[in-house]
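S.K.: Fold the following for me, if possible:
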Amino acid sequence: MGSASTYPRFRGRVASDVVIVGGGITGALVAAAFAREGIPVVLLESGCVGSGSTAASSALLLREPDRGLADLATRYGAAASRRIWELGDDAVQDLIRTLHRHRIECDLVQRDAIYYATNTHALHDLRSEFLLRSRAGFPCEWLSPADVRRATGVPMRGAIRTSGNAQFDPYKACVGLMRAARAEGAAIYERSPVIRIVHARQRVRVHMRHGHIDAARVIIATGYATRHFRPLAGRFRMYRTYVLATRPLNEREQRDVGLGNVMIWDTDRPYHYARWTPDRRLLLGGADRAIRRGQTRTRVFTSATRELRAHFEALLPSLGDIGIERAWEGVFAVTADSLPFVGPHRKYPGHLFALGYGGNGMTFGSLAARLLLEQWRGERTPDQRLFHFSRLR
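M.R.: Numbering: from 1, shown residues only. Model (predicted):
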């Protein structure tokens, strides 16, 4: 992972069809999708490509949203909840195909995911969720306590196992997608923060310090509402998430830990997750904290990472003898239903948004690229309404 600048600062006055604000993996996916269709596009990143929340992500590419079928069905009905899950599944496969098509080296591997219950009440709900998924036609397998122990080393009472998920290096993927977008004709600029955006006469003008861009649409792919969109901030709750990485383990140490080549996450909220890297490091993530005014960031970081390590050492005791080599944090936004907002907002003509991914940013970033391209073409589909701002009042 790195953050060296590759692209120039923006200078001058140009025109384009589309301006994308945000150089994380969502911006890269949108830029690559639009450029592949021959649409003139300019991408602006305030820092360096991939150096924000994308670089901090542990990049679990999960087919399943943070909210289960049962939760979404209670809010939106059985048909809509099933469609949301289908779209998540499609988005994972689309992203895998995109990375393969562009031959992007990013340590991409497909992995089964094991979602396990942490207590008796959660076990009952998880079993009900499994039956609901099975009846809806989503392939999954119920694991007994012995099955969970064999696959993960974790002594839990039951779990759901799903296939078709993946993991990768998010920074490498983002950088590779940016290269692919540029090869298709996209213009990429780093260290080019947007000062203001003005809409007039069916066009938008995006102002930077050293010039501006006139375009038909601006796509805001910053992950959450920045200071330019303060009226939207109330729709999100901001969190910090934390990740620990062990030193590389040898084969014996890896066997002692007991976790197989699967991704695991639990029913706690906020949840905890773990996965192996290609060089046999174990990534441990979670312990999310809501961002509040007056917090001492260093103190919260220390508390969260200590809690995270203690949590996993209790589950996998052999970790107590293994050193943590790195620890870091990332920032993400959560909506009331844990689904993103993708599309227009009535208060911001000429804008399209892709914001609020929760803990599933890689999957929803891929889905956002598809939905935004549809909207640019003037296509209106029922899928778009599932992620529209108007769904939450």
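
S.K.: What's the separation between the nearest residue to Gly323 once chain neighbours are set aside and Phe168?
M.R.: Nearest non-adjacent residue to Gly323, counting by C-beta to C-beta, 6 or more residues apart in numbering: Arg247, 5.2 Å away. C-betas here are computed from N, CA, C, even on glycine. Look at Arg247 and Phe168: by C-beta to C-beta, to the nearest Å, they are 21 Å apart.

S.K.: Could you check which of the two has the larger neighbour count?
M.R.: Between Arg247 and Phe168, counted using other C-beta atoms under 10 Å, the more crowded position is Phe168 (23 against 14).

S.K.: these two touch, right, that one and Gln110?
M.R.: No. With contacts defined as C-beta atoms under 8 Å, Phe168 does not count as touching Gln110, sitting 9.9 Å away.

S.K.: ok, Ser46 - how many residues close by?
M.R.: Using other C-beta under 10 Å, the number of residues around Ser46 comes to 18.

S.K.: Skip the chain neighbours and tell me the closest residue to it.
M.R.: Pro193 (3.8 Å).

S.K.: Would you tell me what the next helix or strand after the host helix or strand of Thr222 is?
M.R.: Secondary structure from DSSP states H and E places Thr222 in strand 211-223. Next helix or strand after strand 211-223 toward the C-terminus (DSSP H and E): strand 237-246.

S.K.: Can you get me the start-to-end distance on stretch 348-356?
M.R.: Length of stretch 348-356, first residue to last, C-alpha to C-alpha, to the nearest Å: 17 Å.

S.K.: Off-centre distance for that stretch?
M.R.: Centre-to-centre, stretch 348-356 and its host chain are 18 Å apart (C-alpha atoms, centre = their mean, to the nearest Å).

S.K.: quick one: contacts for His345?
M.R.: Neighbouring residues of His345 by C-beta atoms under 8 Å, 6 or more residues apart in numbering: Leu232, His351, Phe353, Phe389.

S.K.: Can you tell me which of those residues lies closest to Leu372?
M.R.: Phe353 (8.9 Å; C-beta to C-beta).

S.K.: any idea how far Arg217 is from Thr277?
M.R.: Separation of Arg217 from Thr277 (C-beta to C-beta) stands at 38 Å.

S.K.: Hmm, I typed the wrong one, I wanted Asp214.
M.R.: Going from Asp214 to Thr277 by C-beta to C-beta gives 44 Å.

S.K.: Nice, that's everything, thank you.
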